[in-house]
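> Here's a sequence, model it:
(chains A and B)
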2 protein chains.
Amino acid sequence: MISKKMKPLVNNNSVIRQMFEEGQKMAAEFGAENVFDFSLGNPNVPAPKEVNEAIIDIVTNDNPVKVHGYMSNMGFPETRKAVADSLNKRFGTEFDLNNIIMTVGAGSAINVILKTMLDPGDEVICLAPYFVEYGNYIRNYDGIPVVITANPEGNFMPRFDELREKITPNTKALIINNPNNPTGVVYPEAVIKELASILNDKQREYGTVIYLISDEPYRELAYGNVEVPFLTKYYANTIVGYSFSKSMSLPGERIGYIVIPKESDGAEEFTEAATIANRISGSVNAPSLMQLVIERCIDAKCEVEYYERNGRTLYDALTKMGFSCVEPQGAFYLWMKSPVEDEKAFVDKAKEFNILMVPGSSFAGPGYVRLSYCVSYEQIKRSLPKFEELAKIYF
Amino acid sequence: MISKKMKPLVNNNSVIRQMFEEGQKMAAEFGAENVFDFSLGNPNVPAPKEVNEAIIDIVTNDNPVKVHGYMSNMGFPETRKAVADSLNKRFGTEFDLNNIIMTVGAGSAINVILKTMLDPGDEVICLAPYFVEYGNYIRNYDGIPVVITANPEGNFMPRFDELREKITPNTKALIINNPNNPTGVVYPEAVIKELASILNDKQREYGTVIYLISDEPYRELAYGNVEVPFLTKYYANTIVGYSFSKSMSLPGERIGYIVIPKESDGAEEFTEAATIANRISGSVNAPSLMQLVIERCIDAKCEVEYYERNGRTLYDALTKMGFSCVEPQGAFYLWMKSPVEDEKAFVDKAKEFNILMVPGSSFAGPGYVRLSYCVSYEQIKRSLPKFEELAKIYF
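Numbers count the residues shown, from 1 in each chain, chains lettered A, B, ... in the order given. Here you go, the predicted structure:
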């Protein structure tokens, strides 16, 4: 009774659902405190207190018909102006409210962007390992994901030679995710410049427009002095999809935005089409109360240092035990080499120690596993003796 | 730079945007109180006070990591249980939480339902006049809208003979909207029974499954003793898309749900596929805080009597002036016959009196206009002398 396109998704879904159910079952059997679930990217640091203060103030003092009502499909003008002003202040850009569309999180932002630009058969490049949903998002609009293979020997930076080869006249976009899920690395300025130069060359060579879609749910989650380049400054045809899910710990609220810079090709028409795509996809508009909250709290941030300490603790301990990990620079993921080639066998073995992690194949990165360390510091500490036992099997 | 599918949407969009901009311009020129905007379906009755009370209580007392966090893509189990229990109590159904998926409003609910079921070329029947977005929603998944013509002489009830003829082996679904946008009528039990009987006959004849998609944003907005039949009780393959946008005046918050009854064909697989569709469409889940609000306020309602008085006042006054209107039974729309064949000319003429309404062609109902009376009672009273002047031109 379901469509041919949904069929394989239902069949594949069982793996992830199985892991979720296993986690629940384990928690019931062994007690939640004895299960070390590193599988989910659900922030555990609370939203900054400004968020709840703003919510209470708004529903107490503002007109409920406005607070909970429809507005333009682009979002409240005040919220879009606050977003533009904040970006300009931080990155020296020159956006105004007309460059911003508020969306139902980054998931919806990326879908709206792809719906706006993709014709069936258009190719969209993803840099492995990558967030598994990109493939689904691209196929939603009958686009074709083209994958650049992972580059473990180069700290998972993009393989430029392969990229040059795989860009064709059908390439409509490249999706970049910085800081990166699942590797936790940040692409530095030099990498972004090289990427922009390749895309510009190919645009000239083919006489096409190639968009750089910057998926930025982790933008504020960079550690220490690591700088995350803001991509519209390096490449004119950049379209940004942002989410407050991680920076403000609001993943369930579904609030984010799209940036369409005026220097991008056909910006005005693109903005109008994206606004319509936002509407007809069923979102209609980003949740209204949360838009008003963002207007007031635009520069509030959750406690990034919490994640940094988690990442550092896990990285130090696991590498000491003999595991080989990518040093985390941002996001809240640790990307670890499986000590055996088949990482699914390793994931299964870890389950015997009540440790849950995601096989790299789910991110087009076989041979690795992803650990989400957006968990309590206590869980990390408690998990270490278990990892120790696990390590002893392999090293 | 935009896709071929979005191109015509951008071109058509200018009409609606133009009307919105005209309204803004008029308000600036003549003062908002002298512009009688009946074009938008944006509720003007505030949300029931329980809503804001619940919001404050939740953000004050509950764990922010839960309140603003991810949950299962189906939604919080407590919220889904509250929805199921409320439906069971009101309609004598037997749902449990596994029959309910929380969504980003009804717009998203209908999109998720269509994405779940439609293969390219599948036909979906709409009963004219109908909500213009259905066509866009159906085409999102390469379905084909099939329109049953309007039935003005039969108070806009469905034309059963035409329906029988137009159901083919490719018919995947029929969308029904009760109470109806734009006519304001309610299809009574006898009509629903006849509809169910036709669909059952055709399922048998073709050996296919034909879904009845019940789009229910106006379910609670029925006046006086008018009963709105609950469709899963009349037809097994009914899938419901509901929204709290109008019943609780929360349109901007984007909160609604899907009901998939267990007696519907392939219910289990359909539910799993719809949950995935909800995720990969980018919604991921319905906004979390609003889900918790719904759990607590499930039976709260905005002041429906306000709309009833508006509708009655407008209907009585306009028919007295000589206009021919459909008597409103629900929703907050008045469907009025244009006194000239080309209703767009009539809409233009009305603008000269600062009256804004939507031409029926926007709903596949030419020759009529739609007036949204979700406005202040004062606006209605103030508009009547202007309507009087307008009427004098024609009668």
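> When you work out contacts or count neighbours from here on, use the C-alpha atoms and nothing else.
Fine.
> which parts of stretch A:42-59 are buried?
A:42-48, A:50-52, A:54-56, A:58-59 (16 or more other C-alpha atoms under 10 Å in any protein chain shown).
> How about stretch A:220-238?
Counting neighbours by 16+ other C-alpha under 10 Å, one finds that the buried residues in stretch A:220-238 are A:220-223, A:227-232, A:234-238.
> Could you pull out the helices in the stretch 251-395 of chain A for me?
Secondary structure of the stretch 251-395 of chain A (DSSP state H, counting those that start in this stretch): helices at A:267-280, A:288-297, A:304-321, A:343-351, A:377-394.
> Rebuild the ones you listed as CSV, extending it with mean neighbour count and distance to residue B:246.
Shown next, in CSV, are the helices of the stretch 251-395 of chain A (neighbours: other C-alpha atoms under 10 Å in any protein chain shown; distance: least, C-alpha to C-alpha, whole Å):
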stretch, mean neighbour count, distance to residue B:246
helix A:267-280, 23, 18
helix A:288-297, 22, 15
helix A:304-321, 18, 39
helix A:343-351, 18, 47
helix A:377-394, 15, 44
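> Out of the ones you listed, the one nearest chain B is which?
Chain B lies closest, by C-alpha to the nearest C-alpha, to one member of the helices of the stretch 251-395 of chain A: helix A:288-297, at 4.9 Å.
> near chain B, anything from that closest one?
Yes. Judged by C-alpha under 8 Å from any C-alpha of the partner chain, helix A:288-297 and chain B are in contact via A:288-289.
> Share the number of residues neighbouring residue A:6, please.
By other C-alpha atoms under 10 Å in any protein chain shown, 21 other residues sit near residue A:6.
> Please tell me I have it right and it contacts residue B:273.
Yes. At 6.3 Å, residue A:6 counts as touching residue B:273 under the criterion of C-alpha atoms under 8 Å.
> what sits in contact with each of the two?
Listed as contacting both residue A:6 and residue B:273 by C-alpha atoms under 8 Å, 6 or more residues apart in numbering or on different chains are residue B:116.
> if we can go back for a sec, dump the helices of the stretch 251-395 of chain A into JSON lines; add mean pLDDT as well.
Output for those, formatted as JSON lines (pLDDT from 0 to 100):
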{"stretch": "helix A:267-280", "mean pLDDT": "97"}
{"stretch": "helix A:288-297", "mean pLDDT": "98"}
{"stretch": "helix A:304-321", "mean pLDDT": "97"}
{"stretch": "helix A:343-351", "mean pLDDT": "96"}
{"stretch": "helix A:377-394", "mean pLDDT": "97"}
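> what does the stretch 51-200 of chain A have sitting close to chain B?
Counting by C-alpha under 8 Å from any C-alpha, the residues of the stretch 51-200 of chain A near chain B are A:52, A:55-56, A:59-60, A:64-65, A:67-71, A:104-111, A:115-119, A:133, A:136-137, A:140.
> Quick one: mark the members of the residues you listed that sit in helices.
Residues of these located in helices (DSSP state H): A:52, A:55-56, A:59-60, A:64-65, A:67, A:105-111, A:115-117, A:133, A:136-137, A:140.
> What subset of these is buried?
Among these, those classed as buried by neighbour count (16+ other C-alpha under 10 Å) are A:52, A:55-56, A:59, A:64-65, A:67, A:105-111, A:115-117, A:133, A:136-137, A:140.
> What average pLDDT does the helix ranked longest in chain A get?
Using DSSP H, we find that the single longest helix of chain A is helix A:7-30. Regarding helix A:7-30, the rounded mean pLDDT is 81.
> which element follows that helix toward the C-terminus?
Toward the C-terminus, helix A:7-30 is succeeded by strand A:36-37 as the next helix or strand (DSSP states H and E).
> what sits up against that following strand?
With C-alpha under 8 Å, 6+ apart as the test, strand A:36-37 has contacts from A:23, A:354-357, A:379-380, A:383.
> of the helices of the stretch 251-395 of chain A, which approaches residue B:160 most closely?
For these, the distance to residue B:160 is smallest for helix A:267-280, at 29.3 Å, taking C-alpha to C-alpha.
> Kindly check the end-to-end length of stretch A:282-291 for me.
This stretch, stretch A:282-291, spans 17 Å end to end (C-alpha to C-alpha, to the nearest Å).
> now it, how far from the chain's geometric center?
The chain centroid and the centroid of stretch A:282-291 are separated by 20 Å under C-alpha atoms, centre = their mean, to the nearest Å.
> List the contacts of it.
With C-alpha under 8 Å, 6+ apart as the test, stretch A:282-291 has contacts from A:55, A:67-76, A:79, A:102-105, A:253-256, A:278-279, B:104-111, B:137, B:252-254, B:283, B:287.
> make it 7 Å
A:67-69, A:73-75, A:79, A:102-104, A:255, A:278-279, B:104, B:107-108, B:111, B:252-254 (C-alpha atoms under 7 Å, 6 or more residues apart in numbering or on different chains).
> do the same with stretch A:262-269
The contact list for stretch A:262-269, computed with C-alpha under 7 Å, 6+ apart, reads A:99, A:236-238, A:260-261, B:1.
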